[in-house]
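**Student:** quick one, structure for this:
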Amino acid sequence: MSEPRDPLDGHGILYFGNDWHAENRTSSHHVASRLARHVPLLYVSSPGMRAPSASGRDLRRMLRKLSASLKPPTRIEENLWHCTVPQLPFRRIPGVNLLNRWFGRWAVRRAAHKAGIRHGISWFVVPHPGFLAGRLDESLCVYYCIDDYAAHPGVDAALIGQRDEELSRRADLLFVAPPTLLPAKQALNANVVASPHGVDVELFARAAADETRVPARASALGHPVIGYFGSLHAWIDFELIAFLARQRPHWSFLLVGHEAVDVGELHALSNVHFVGAQPYAELPNWAKAFDVAIIPYKLNRQVINANPLKLREYLATGKPVVSVRNAEIEKFADVVRIADDGPAFLAAIEAALADGSAAASARRMAAVADQSWDRRVDAVLAHARDALARKTLHES
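**Tutor:** A predicted model of the protein is given here:
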């Protein structure tokens, strides 16, 4: 007896994510690269979420993106292609939205054809290109909501909020990573699946391996080393880091990541050390230098509704973790110290420094051992297969 046909056979994924070449590897990248191990995937970098300005830098950047969109897709791996499809940002000018829809549809279908994808599944990880949902002759529309996008700093909040809601309603299948967003999404769509972030368990476990070498710029620091890796963006509480650094001048604060905004007085503090963005595969080497890993976020709407990727990455290293509070972080309260203000954060780091046992490290690593990206993607693909089979049956 023959095996039943896989509903995904003959399909490729048209995957709309943030910039493939961004400094940080986000869940958008992790999910896409693993989906491509199962089906052909065209990764569409989708600039245009940030509110535009009339600066020369923004105009030059827009022209570069438009030029890139006219080039054929680039093959990154055997089953993975990349292209860029930007949107004109001047949406209040009559005709711009219509032009974005026309150009976006034409550019994506052209790139998909060149990548050999004839039957597509649209898969949105960002909401602003969601106006293309249902316009690409796709067999299924998936929205993988990983954030409260309208709460991001610098975005066109009204437009992004509108696009997020429209795409949430339109999707045949809606995955939601932040637990606080689940009720609102369930009110918009009957086909909602909770899907927390995963983690590259094997990669970050290298931080605990004897053979992993600490980079020279980190090995030269005095201990204890209080560490952070990730983008240094507007949602980071730089005043909290400065408070900690002033209170404990003999501690070293190691910040690994791209400085996307002004970090305030931190450069003036001699015990705060910046090393810039580092390759994703080398983050465990830097983490090995940490005595405590911190998540020093501001308690704003974006953070309240976040599912911090670095939470699981830190835990996979086995290092003690001190963090601000939100719903996802509280799920790990048995292995993460949570603090609500500066003095409590300081006390939590002190306690973490005193808890460096091998048993405690093993508990942290065990807390995320079954939450790999591979398992997450296997689960979402199973839901996509079911949704595609149901839709095909309904339409037949």
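
**Student:** can I take it that residue 286 is in a helix?
**Tutor:** Yes. Assessed by DSSP: H, G, I helix; E, B strand; the rest coil, residue 286 belongs to a helix.

**Student:** sec struct for residue 253, please.
**Tutor:** Per three-state DSSP, residue 253 ends up strand.

**Student:** what is the neighbour count of it?
**Tutor:** Number of residues near residue 253 (other CB atoms under 10 Å) recorded here: 23. For every residue, glycine as well, the C-beta is placed using N, CA and C.

**Student:** OK, contacts around it?
**Tutor:** 225-228, 241, 244-245, 269, 271-273 (CB atoms under 8 Å, 6 or more residues apart in numbering).

**Student:** let's see it at 6 Å
**Tutor:** 226, 245, 272 (CB atoms under 6 Å, 6 or more residues apart in numbering).

**Student:** and the helices in the stretch 201-350 of the chain?
**Tutor:** 201-205, 216-219, 238-247, 283-287, 301-304, 309-317, 327-330, 342-353 (DSSP state H, counting those that start in this stretch).

**Student:** give me whichever of those helices is most buried.
**Tutor:** Greatest average neighbour count among the helices of the stretch 201-350 of the chain goes to helix 309-317 (a mean of 26), per mean count of other CB atoms under 10 Å.

**Student:** just how off-centre is it within its chain?
**Tutor:** Its chain's average C-alpha position is 13 Å from that of helix 309-317, according to CA atoms, centre = their mean, to the nearest Å.

**Student:** elements contacting it?
**Tutor:** helix 201-205 (3 or more CB pairs under 6 Å, 6 or more residues apart in numbering; DSSP states H and E).

**Student:** so how far is the helix it packs on off the chain centroid?
**Tutor:** Relative to its parent chain, helix 201-205 has a centroid offset of 17 Å by CA atoms, centre = their mean.

**Student:** show me what it is packed against.
**Tutor:** Against helix 201-205 (3+ CB pairs under 6 Å, 6+ apart) you get helix 309-317.

**Student:** the helix it packs on - what's its average pLDDT?
**Tutor:** Over the span of helix 309-317, the pLDDT mean works out to 97.

**Student:** what about the strands in the stretch 101-250 of the chain?
**Tutor:** 119-124, 140-145, 173-176, 192-194, 225-229 (DSSP state E, counting those that start in this stretch).

**Student:** thinking again about what came up before, out of the helices of the stretch 201-350 of the chain, the one nearest residue 369 is which?
**Tutor:** Comparison of those against residue 369 by CB to CB identifies helix 201-205 as nearest, at 6.1 Å.

**Student:** what comes into contact with the closest one?
**Tutor:** Residues from elsewhere that reach helix 201-205, judged by CB under 6 Å, 6+ apart: 284, 313, 316-317, 372.

**Student:** re the thing from before, for the helices of the stretch 201-350 of the chain, which one sits closest to residue 180?
**Tutor:** helix 327-330 (5.0 Å).

**Student:** re earlier: any chance of TSV for the strands of the stretch 101-250 of the chain, columns distance to residue 389 and mean neighbour count?
**Tutor:** Rendered in TSV, the data for the strands of the stretch 101-250 of the chain read as follows (distance: least, CB to CB, whole Å; neighbours: other CB atoms under 10 Å):
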stretch	distance to residue 389	mean neighbour count
strand 119-124	13	24
strand 140-145	10	25
strand 173-176	12	24
strand 192-194	15	17
strand 225-229	41	24
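
**Student:** for those strands, which one sits closest to residue 301?
**Tutor:** Residue 301 lies closest to strand 140-145 among the strands of the stretch 101-250 of the chain, at 15.1 Å (CB to CB).

**Student:** now what about that closest one, what contacts it?
**Tutor:** 121-125, 133, 167, 171-176, 388.

**Student:** if we go to 8 Å?
**Tutor:** 31, 121-125, 127, 130, 133-134, 164, 167-168, 170-178, 181, 185, 195, 380, 384, 387-388, 391.
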